[in-house]
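Participant: Return a 3D structure for these sequence lines:
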Amino acid sequence: MAADVHISFRGMEPSPAAEDQVRRRADELEQFSDRITACRVVLEAADRHHQHGRIYKVRVDLTVPGGAVVVNREPGQDHAHEDLHVAIRDAFDAVRRRLQDHMRRLDGQTKQHELPSIGRIASVFAERDYGFLETDAGDEVYFHRNSVSGHGFDKLKVGERVRYVIDPEEGEKGAQASAVIPIEAAR
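Facilitator: Residues are numbered from 1 along each chain as shown. Next comes the predicted model:
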């Protein structure tokens, strides 16, 4: 890993095997991002419980462009985490997932959900399973029966107000709605 890995032990003696596992798992994170600038890991042994052994807590802090990725695994009474190596594995699995999500957001790969706009039904061609709605700007937008929520297509009336979402890809007839929701049905 290009960044240094800083490992701290709390409430326990340092363990070379745990350090090796942490360094190995930190190195594996590079396949998801080569832009990690710092990695800090805290391995902590919680107090002993009456009937069971110690529960281990693991905190992993990564510094990456656009912020930090932090996992603080406090497993409560998860007895699988009486094994330090299982606790390390679980924490690094969680940090890997968060790192992947963070990098997708940075790269703009996450889906952006558009908020519905409000318009009105301009025309409906029931026999052909489509219609047009008019936006507040006066533009016409095509919609198909399948884009109308529920079984509302047959109940649509010209002039009725609807919420709609424009599909990012235009169809044969220009802009098209991927979702049409009659406002009365939305209540």
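Participant: any low-confidence regions in this structure?
Facilitator: By pLDDT under 70, the weakly predicted segments of the chain are 1-3, 47-53, 73-80, 108-115, 170-173, 185-187.
Participant: Let me see the domain layout of it.
Facilitator: Domain segmentation of the chain under automatic domain parsing yields 5-106, 117-186.
Participant: And G159, how close does it get to G119?
Facilitator: For G159, the distance to G119 (CB to CB, to the nearest Å) stands at 11 Å. Every residue, glycine included, has its C-beta placed from N, CA and C.
Participant: Show me which of those two is the more surrounded one.
Facilitator: The residue with more neighbours, out of G159 and G119, is G119; 24 against 9, by other CB atoms under 10 Å.
Participant: wait, what's in contact with the nearest residue to V148 once chain neighbours are set aside?
Facilitator: Leaving aside its sequence neighbours, V148 sits nearest to V180 (CB to CB, 6 or more residues apart in numbering; 4.7 Å). Applying CB atoms under 8 Å, 6 or more residues apart in numbering, we find V180 in contact with 133, 143, 147-149, 152, 162-164.
Participant: Just the buried ones out of the residues you listed, please.
Facilitator: Among those, those classed as buried by neighbour count (16 or more other CB atoms under 10 Å) are 133, 143, 147-148, 152, 162-164.
Participant: Which helix in the chain has the most residues?
Facilitator: Counting residues, the longest helix found in the chain (DSSP state H) is helix 84-106.
Participant: Give me the buried positions along that one.
Facilitator: 84, 86-92, 94-96, 99, 102-103.
Participant: picking up where we left off before, now render the contacts of V180 as JSON lines, adding distance to T37 and secondary structure.
Facilitator: Formatted as JSON lines, the contacts of V180 follow (distance: CB to CB, whole Å; DSSP: H, G, I helix; E, B strand; the rest coil):
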{"residue": "L133", "distance to T37": "49", "secondary structure": "strand"}
{"residue": "F143", "distance to T37": "48", "secondary structure": "strand"}
{"residue": "S147", "distance to T37": "45", "secondary structure": "helix"}
{"residue": "V148", "distance to T37": "49", "secondary structure": "strand"}
{"residue": "S149", "distance to T37": "46", "secondary structure": "coil"}
{"residue": "G152", "distance to T37": "52", "secondary structure": "coil"}
{"residue": "V162", "distance to T37": "49", "secondary structure": "strand"}
{"residue": "R163", "distance to T37": "44", "secondary structure": "strand"}
{"residue": "Y164", "distance to T37": "44", "secondary structure": "strand"}
